[in-house]
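Novice: coords please:
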Amino acid sequence: DGQFNRPAGMAFDAGGNLYVADTANHVIRVVTPGKVVVTLAGKVSDGGSADGVAATAQFYFPSGLAVDAEANIYVSDSGNDTVRRITPVGIVSTLAGAALRKASADGNGPAARFYQPYGLSLDPKGKMIVADPGNHTIRRISPAGDVTTVGGLPGQEGSADGIGKRARFSNPSSLVFGAAGTLFITDPFNHRVTRGTPVHQSPK
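Specialist: Have a look, this model is predicted:
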């Protein structure tokens, strides 16, 4: 059960388990400290958007992963244009966005819209930031599923530092928080890495 097909995002939990978004297999895998590979959620080669228990839930080209202090796993389900959550007991739900309804809209849960969300990261306080490359923006999601755009302007591709809507990106993809809470974002089409707080892209 140890074969992957285009693995993408990875994240560790407090126990040293490595979670992997097995993108083209449409599943989330876990590699234990003993190097045992197990399919945690989704059905291999059966893409879809179904919520529910891990064994019957479906993903569609999942990409980014993050794990919080309570062992919830968050997944940017790129092909579905959604962000999903897997609880410690293996229940999969859609936290934000609506399956296959790509667009850009802030709002709560199913009212929000993404365009192929990719990387995501949690800061030390549990706030989630998501790279939304199809919209050229950076989004924030609260634990209750409230989505706000904190960097860039939807549909406005470019390269500019600045605060909030004044920042510009070109297909931002991966992001990670540093120890001091600084957010680092890969902006691949601009051939750069930017840094700032979740609401401020400062020039460097």
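Novice: for the helix or strand hosting T94, packing partners?
Specialist: T94 belongs to strand 91-96 when assigned by DSSP states H and E. Here strand 91-96 touches strand 52-53, strand 82-86, going by 3 or more Cβ pairs under 8 Å, 6 or more residues apart in numbering; DSSP states H and E. For glycine as for every other residue, the C-beta is placed from the backbone atoms N, C-alpha and C.
Novice: which one of the ones you listed has the most crowded surroundings?
Specialist: strand 82-86 (a mean of 25; mean count of other Cβ atoms under 10 Å).
Novice: quick one: that strand to strand 91-96, angle?
Specialist: Relative orientation of strand 82-86 and strand 91-96, computed by axes from the mean of the first three to the mean of the last three Cα atoms, to 10 degrees: 150 degrees.
Novice: Could you give the average pLDDT over strand 82-86?
Specialist: Strand 82-86 shows a mean pLDDT of 98.
Novice: quick revisit: so after the strand holding T94, what's the next helix or strand?
Specialist: strand 107-108.
Novice: what's the offset of that next one from the middle of its chain?
Specialist: Relative to the centre of its chain, strand 107-108 is centred 17 Å away, using Cα atoms, centre = their mean, to the nearest Å.
Novice: Which neighbouring elements make contact with the helix or strand that that strand is followed by?
Specialist: Later in the chain than strand 107-108, the nearest helix or strand by DSSP H and E is strand 120-122. Applying 3+ Cβ pairs under 8 Å, 6+ apart, we find strand 120-122 packed against strand 62-67, strand 73-77, strand 128-132, strand 175-177.
Novice: could you redo the helices and strands packed on strand 91-96 as JSON lines and give each row distance to R6?
Specialist: Formatted as JSON lines, the helices and strands packed on strand 91-96 follow (distance: least, Cβ to Cβ, whole Å):
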{"stretch": "strand 52-53", "distance to R6": "24"}
{"stretch": "strand 82-86", "distance to R6": "18"}
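Novice: Fine, thanks again, bye for now.
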